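*Asks:* any chance you can model this:
(chains A and B)
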Protein chains: 2
Amino acid sequence: MESSRIRFGIIGCATIARKVSRAILLSSNATISAVASRSLANAQHFLSANGLPASVRAHGSYEAMVDDASVDAVYVPLPTGLHVRWAVAAAERGKHVLLEKPAAACLSDLDRILEACRSNGVQFMDGSMWLHHPRTERMKEILAAHDFGPLKMIHCSSTFSATPNFLQNNIRVKHDLDSLRALGDLGWYCVGAILWAVDDQLPDTVTALPSLHLNQSGVILACAAAFHWTDHDMIATFHCSFLSNFSMDLSVHGTNASLQVKDLAIPYQESSATFDFTCGAKFADLHIGWSRKPEEVVVQTDLPQEALMIEEFSRIVGNIKNSNCRPDSKWPEVTRKTQMMVDAVKSSIELGFTPVDL
Amino acid sequence: MESSRIRFGIIGCATIARKVSRAILLSSNATISAVASRSLANAQHFLSANGLPASVRAHGSYEAMVDDASVDAVYVPLPTGLHVRWAVAAAERGKHVLLEKPAAACLSDLDRILEACRSNGVQFMDGSMWLHHPRTERMKEILAAHDFGPLKMIHCSSTFSATPNFLQNNIRVKHDLDSLRALGDLGWYCVGAILWAVDDQLPDTVTALPSLHLNQSGVILACAAAFHWTDHDMIATFHCSFLSNFSMDLSVHGTNASLQVKDLAIPYQESSATFDFTCGAKFADLHIGWSRKPEEVVVQTDLPQEALMIEEFSRIVGNIKNSNCRPDSKWPEVTRKTQMMVDAVKSSIELGFTPVDL
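*Replies:* Down below sits the predicted model:
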């Protein structure tokens, strides 16, 4: 069993790598083979600080990682601006790629990564961990049920109130490493959630809203946008911001039902998550109340969503490695559509908040 | 005590008049003096169908009501297109005016009403009943508290899924009687809620979103818009629709706290209402959860919000009638700003969804 585990190499010791390395160790079908940082000392420190097994190798360069023949797959939590170089390098050496979000600075960059994965027959997936939570699956069952009715309105927010220190120094607000900033970092969740709710159907138009906040370097600290699906009379809006209180709200309204969750990307608690659902509510006589209140649906999970993501990725990689299966096209397609929508928001901002057709 | 009650005349027997006549009877400082319809039989039917006291007079025309010297104030639930004529007529005969929302088809119409009230020294108030619920006051205390932080994002929706019969025949989708439709009917709540949250400060720009749904007569069945306050980096969005499941959501996010309510205009239950509030939440270590979940705040009320509205209106009218006080300027100002924002949404729609400055 141990020998069949997918062997991960972690490229970069970002904060989020701590969570994902824990998830790899919790998973049933993956293991950590090596960790790479820009210096050997950094990598060794990451191993000891996170209590990783003595068998995990430390590499003092990313190059050493992509050359490590004992690694099946890389997890890449590097700054977005470094994604093309290292994801492509890993794919070209036959390594499957689990890439932290936002996947790329723009669609053309992402396409270089996806093409490298495709031509080398390796799996690609981005790190949208919430898609793997059983709550997400349960919500999708409800959205797809006949009595929900066609979707009409979606609203999503992903925000946090950054400290002055973050706004000065964090890598996510430095222009050279990630040109998308709040839009890539937080907006990726919103766009991904909206796309997920509509079964990955791209909107017809994307319109950024005139509420953009840039810092002195022109970096996006807050923005908002609306998506419109013409044939379905469906609208979605989102807000993302480094300047507002923690929120991860998603509301989805059909013609007959509504679903709401407030902790979409990171549930309040790891082992249990909830959402609110209501269907077929009407006003009471005289409109002095409602016929029913939303119900809270509780979904338990034995494993954290990041471990479930690792298991799904490793299951596909195992099928490729051991059974000559082809890579699964669903995951890169979802990433690509998310990137297209994020890019369109950015274009609409650059065009003065005019609608952009997709 | 009975003799000091404000004597209401109800002009028009719309469905909502049933709820408000009940509210007048529940109030401590008002009474129903007369009911007018376009025919005497209609007015008499309303009296008996709603169990009103035998002392209530029935009028077979609106003219008879505005001429009724025993009426202090009129409640006007007529279609919006009739508001100017009958609200002005009532004010000119010295009657205080409680006018159902939307107040007018446009700002110039509203200004004729407000000017008639001003020049005749009578009180004006629109029928936004939710503003009088004690939950609303409790939410405002929280929004105004120092630790909420400056407001950054607001989202509001007001929707219901109309039946085919409604969409064919209801007065709210006939163009000659109300040109605002979903925007006036449901959008009024959204705009009012947003304005309330920001302490009645008008936004700098109003932008309708390209997700307009018109019926064959060009009547608005669904629309959405964004408001932007430049100096405060604050954005608000709303959706209103006759084509989506029941919703009355309001989310308000500051830099340090969030408040959410799902049944804003009509609470699920009449005697008790809730909202969710969270302040100062952070991610747990490793970002595998949150430091706290939102808490549910419960607010009880002895009287329905409509009765509290009647009591507030009648209190002011009583002060004018008995103590020579001047009319309260707050209520007409709130109505006027709401109308300005609604009108700006309509203008933005007509201008092809371009931003409109206020």
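*Asks:* where exactly do the strands run in the stretch 151-300 of chain A?
*Replies:* A:151-161, A:205-208, A:213-214, A:220-229, A:234-241, A:243-254, A:257-261, A:272-279, A:295-300 (DSSP state E, counting those that start in this stretch).
*Asks:* tell me the residue of the stretch 51-200 of chain A that sits nearest chain B?
*Replies:* Residue of the stretch 51-200 of chain A nearest chain B, by Cβ to the nearest Cβ: A:K152 (3.7 Å). Heads up, the C-betas are built off the backbone N, CA and C, glycines and all.
*Asks:* which residues touch that residue?
*Replies:* A:K152 is in contact with A:233-235, A:253-255, B:159, B:222, B:241, B:243-245, counting by Cβ atoms under 8 Å, 6 or more residues apart in numbering or on different chains.
*Asks:* switch the residues you listed over to TSV; also include pLDDT.
*Replies:* TSV is the format used below for the contacts of A:K152 (pLDDT from 0 to 100):
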residue	pLDDT
A:D233	87
A:M234	94
A:I235	96
A:H253	96
A:G254	96
A:T255	95
B:T159	95
B:A222	94
B:S241	95
B:L243	93
B:S244	93
B:N245	93
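*Asks:* now tell me which helix or strand of chain A has the poorest mean pLDDT.
*Replies:* helix A:164-169 (a mean of 80; mean pLDDT, DSSP states H and E).
*Asks:* using CSV, write out the CA atom coordinates for that helix.
*Replies:* Extracted in CSV, the C-alpha atoms of helix A:164-169 (Å, rounded to 0.1, in the frame of the first residue of the first chain):
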residue,chain,number,x,y,z
PRO,A,164,-1.2,47.7,7.3
ASN,A,165,1.8,45.4,7.4
PHE,A,166,0.2,43.0,4.9
LEU,A,167,-0.7,45.9,2.6
GLN,A,168,2.9,47.1,2.7
ASN,A,169,4.9,43.9,2.5
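*Asks:* tell me how many other residues surround A:F313.
*Replies:* Other residues near A:F313 number 28, with proximity taken as other Cβ atoms under 10 Å in any protein chain shown.
*Asks:* quick one: it is in a helix?
*Replies:* Yes: A:F313 sits within a helix when classified using DSSP: H, G, I helix; E, B strand; the rest coil.
*Asks:* was I right to think it contacts A:M125?
*Replies:* Yes: with contact defined as Cβ atoms under 8 Å, A:F313 counts as touching A:M125 (5.1 Å).
*Asks:* next, the contact list for the spatially most central residue of chain A, please.
*Replies:* Per Cα atoms, centre = their mean, the C-alpha nearest to the average position across chain A is that of A:S128, at 2.4 Å. By Cβ under 8 Å, 6+ apart, the contact set of A:S128 is A:101, A:188-189, A:192, A:309, A:334, A:338.
*Asks:* excluding its backbone neighbours, what's nearest A:L110?
*Replies:* Using Cβ to Cβ, 6 or more residues apart in numbering or on different chains and skipping residues adjacent in sequence, the residue nearest A:L110 is A:A104, 3.8 Å away.
*Asks:* do you know the pLDDT at the one you found?
*Replies:* A:A104 is assigned a predicted lDDT (pLDDT) of 96.
*Asks:* can you check A:L177 too?
*Replies:* A:L177 carries a pLDDT score of 60 in this model.
*Asks:* quick one on the thing from earlier: so what sits against both of A:F313 and A:M125?
*Replies:* Counting by Cβ under 8 Å, 6+ apart, the common neighbours of A:F313 and A:M125 are A:L98.
*Asks:* got the residues of the stretch 1-150 of chain A near chain B?
*Replies:* A:15-16, A:18-19, A:22, A:149 (Cβ under 8 Å from any Cβ of the partner chain).
*Asks:* filter those down to the buried ones, ChimeraX style.
*Replies:* To isolate the buried members of the residues of the stretch 1-150 of chain A next to chain B in ChimeraX, using 16 or more other Cβ atoms under 10 Å in any protein chain shown:
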select /A:16,18,19,22,149
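*Asks:* ok, residues contacting whichever helix or strand A:A307 is part of?
*Replies:* Taking DSSP states H and E as the definition, A:A307 sits inside helix A:305-323. Outside helix A:305-323, the residues within contact range by Cβ under 8 Å, 6+ apart are A:4-6, A:8, A:19-20, A:22-24, A:26-30, A:72-73, A:96, A:98, A:121-123, A:125, A:127-134, A:267, A:301, A:303, A:325-328, A:331.
*Asks:* now with 6 Å?
*Replies:* Residues from elsewhere that reach helix A:305-323 (Cβ atoms under 6 Å, 6 or more residues apart in numbering or on different chains): A:6, A:19-20, A:23-24, A:26-27, A:29-30, A:73, A:96, A:98, A:123, A:125, A:129-130, A:132-133, A:325, A:328.
*Asks:* any of these buried? List them.
*Replies:* In the contacts of helix A:305-323, burial by neighbour count holds for A:6, A:19-20, A:23-24, A:26-27, A:29-30, A:73, A:96, A:98, A:123, A:125, A:129-130, A:132-133, A:328, counting by 16+ other Cβ under 10 Å.
*Asks:* ok, for A:E333, nearest residue in space, not its chain neighbours?
*Replies:* With Cβ to Cβ, 6+ apart as the criterion, A:E333 has its nearest non-adjacent residue at 7.2 Å, and that residue is A:D200.
*Asks:* could you confirm A:H83 falls within a helix?
*Replies:* Yes: counting by three-state DSSP, A:H83 is part of a helix.
*Asks:* contacting residues around A:D357?
*Replies:* Applying Cβ under 6 Å, 6+ apart, one finds that A:D357 lies in contact with A:T205.
*Asks:* likewise for A:P210?
*Replies:* Contacts of A:P210 were listed using Cβ under 6 Å, 6+ apart, and they are A:353, B:205, B:228, B:355.
*Asks:* so, low pLDDT: which residues of the stretch 151-300 of chain A?
*Replies:* Within the stretch 151-300 of chain A, the ranges that satisfy pLDDT under 70 run A:171-179.
*Asks:* how about 80 then?
*Replies:* Along the stretch 151-300 of chain A, the parts satisfying pLDDT under 80 run over A:168-179.
*Asks:* which residues of it lie near chain B?
*Replies:* Residues of the stretch 151-300 of chain A found near chain B (Cβ under 6 Å from any Cβ of the partner chain) are A:152-153, A:155, A:161, A:205, A:209-211, A:213, A:224, A:226, A:228, A:233, A:235, A:237, A:239, A:243-247, A:253-258, A:266, A:268-270, A:281, A:286-290, A:293.
*Asks:* contact partners for the residue of chain A most remote from its centre?
*Replies:* The outermost residue of chain A relative to its centre, with distances by Cα atoms, centre = their mean, is A:L286 at 45.3 Å. Residues in contact with A:L286 (Cβ under 6 Å, 6+ apart) are B:18-19.
*Asks:* okay, and which of the buried ones among the contacts of helix A:305-323 map to strands?
*Replies:* Of the buried ones among the contacts of helix A:305-323, the ones assigned to strands by DSSP state E are A:6, A:30, A:73, A:96, A:98, A:125.
*Asks:* leaving out chain neighbours, which residue sits closest to A:R112?
*Replies:* That would be A:V84: by Cβ to Cβ, 6+ apart, it lies 5.4 Å from A:R112.
*Asks:* what about the one you found, how many neighbours?
*Replies:* 20.
*Asks:* cool, A:E100 as well?
*Replies:* 23.
*Asks:* repeat that for the one 5 residues further on.
*Replies:* Using other Cβ under 10 Å, A:A105 has 22 neighbouring residues.
*Asks:* quick one, strands of the stretch 1-150 of chain A?
*Replies:* A:6-11, A:30-36, A:57-59, A:73-76, A:96-99, A:124-126.
*Asks:* of those strands, which is nearest B:I113?
*Replies:* For the strands of the stretch 1-150 of chain A, proximity to B:I113 was assessed by Cβ to Cβ; strand A:124-126 is nearest, at 56.1 Å.
*Asks:* pairing partners for that closest one, with directions?
*Replies:* strand A:96-99 (parallel) (DSSP bridges).
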